[in-house]
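K.L.:
I would like the atomic coordinates for the input below:
(one chain, ligands or ions: 1)
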Amino acid sequence: MIIAIDGPAGSGKSTVARELARRLGFRYIETGSMYRAVAWAALQRGYAVEDADRLTALAANLDIDVRPTSVEDGRKYDVLVDGKDVTWAIRSQEVDGKVSIVAAHPGVRAALTDKQRAIGRRGKVVMVGRDIGTVVMPDAELKIYLDASPEERARRRYQERLARGEQADYAQILEAVHARDRLDRGRDVAPLRAAEDAVILNSDGLSIDEVFEEALRLVKARDC
Ligand code: CDP
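P.N.:
Alright, predicted model coming up:
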């Protein structure tokens, strides 16, 4: 049983997916954190994010571990890179600005897609990303494509940053959302798009609870 949830940044995917996984007793895998981990590691090492060969080798060899939460600071899980806790570091504005360049390299995608399929094959998983329904898990029992307007998505990101006590600039976040959308939708390999058999949900004007209830209804209708 695999549930694939795709959509652009800030569409509410992760909140809905995590709640679904909890309710169903499934594992919850956010594939974006793996692309973020590679982007973070590249920045740390001083690699140019445009360097496809270096980034591909990095993605293939990096030790990325996603584990249950060890600290109660609002995180949904721990992300470790080479044993170091990078859970918040991979959510920085700097990583936001570079991750889509990293994720556009076919070699990086191949390495991470392999890891994601290995996890998916074990079943009972809610997997979230950009290309889960189209490329990573095309046979998923249920595919949801969660969308929302760029303004609504930027507003949510802005609120999240403020809630974490970080500084935030709405106009800058909106511009970053647009830039990431362009890169994610326009890349040659596994661009962001809804699978043909995905159910498209637009969350503009809906609370996260309302979106969750709709997703749960879809799960029950498919007997997942
Ligand atoms: O949380 P947010 O929606 O901002 O992004 P994310 O899910 O953490 O993903 C960060 C970035 O990783 C995306 O903007 C994509 O460039 C890339 N990504 C991807 O290419 N394929 C995936 N399956 C997941 C993420």
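
K.L.:
so who does residue 140 touch?
P.N.:
2, 3, 4, 127, 132, 133 (CB atoms under 8 Å, 6 or more residues apart in numbering). For the C-beta atoms, the positions are set from N, CA and C on the backbone; glycine is no exception.

K.L.:
if you count neighbours, what's buried in the helix or strand of the chain with the lowest mean pLDDT?
P.N.:
The weakest-scoring helix or strand in the chain, judged by mean pLDDT, DSSP states H and E, is strand 64-67 (a mean of 90). Within strand 64-67, the residues that count as buried by 16 or more other CB atoms under 10 Å are 64, 66.

K.L.:
list the contacts of residue 187.
P.N.:
Per CB under 8 Å, 6+ apart, neighbours of residue 187: 100, 103, 104.

K.L.:
stretch 145-162 near the ligand at all?
P.N.:
No: figure legend: stretch 145-162 not in contact with the ligand (CB under 6 Å from any ligand atom); closest approach 7.2 Å.

K.L.:
and stretch 51-66 with the ligand, contact?
P.N.:
No: Stretch 51-66 does not reach the ligand (CB under 6 Å from any ligand atom); its nearest approach is 11.6 Å.

K.L.:
show residues contacting that stretch.
P.N.:
29-30, 33-34, 37-38, 41-42, 45, 47-49, 77-83, 102, 105-108, 110-112, 115.

K.L.:
in strands only, show me these.
P.N.:
Using DSSP state E, the members of those that fall in strands are 29, 30, 78, 79, 80, 81.

K.L.:
so the third one touches residue 69, yeah?
P.N.:
This means residue 78. Yes: between residue 78 and residue 69 a contact is recorded at 6.1 Å, counting by CB atoms under 8 Å.

K.L.:
give me the more crowded residue out of these two.
P.N.:
Higher neighbour count among residue 78 and residue 69: residue 78, with 15 against 12, using other CB atoms under 10 Å.

K.L.:
write out the residues of the chain neighbouring the ligand.
P.N.:
Close to the ligand, as judged by CB under 6 Å from any ligand atom, the chain has residues 9-10, 31-33, 35-36, 99-100, 103, 129-131, 180, 184.

K.L.:
give the buried subset of the residues you listed as a PyMOL selection command.
P.N.:
Here is the PyMOL command that selects the buried residues among the residues of the chain next to the ligand (16+ other CB under 10 Å):
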select buried, resi 9+10+31+32+33+35+36+99+100+103+129+130+131+180+184
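
K.L.:
farthest-separated two in the residues of the chain next to the ligand?
P.N.:
The two members of the residues of the chain next to the ligand with the most space between them (CB to CB) are 10 and 131, at 17.5 Å.

K.L.:
so where's the chain shaky on pLDDT?
P.N.:
Along the chain, segments meeting pLDDT under 70 span 224.

K.L.:
now the strands for it?
P.N.:
In the chain, the strands defined using DSSP E lie at 2-6, 27-30, 64-67, 78-81, 84-85, 125-129, 142-147, 199-202.
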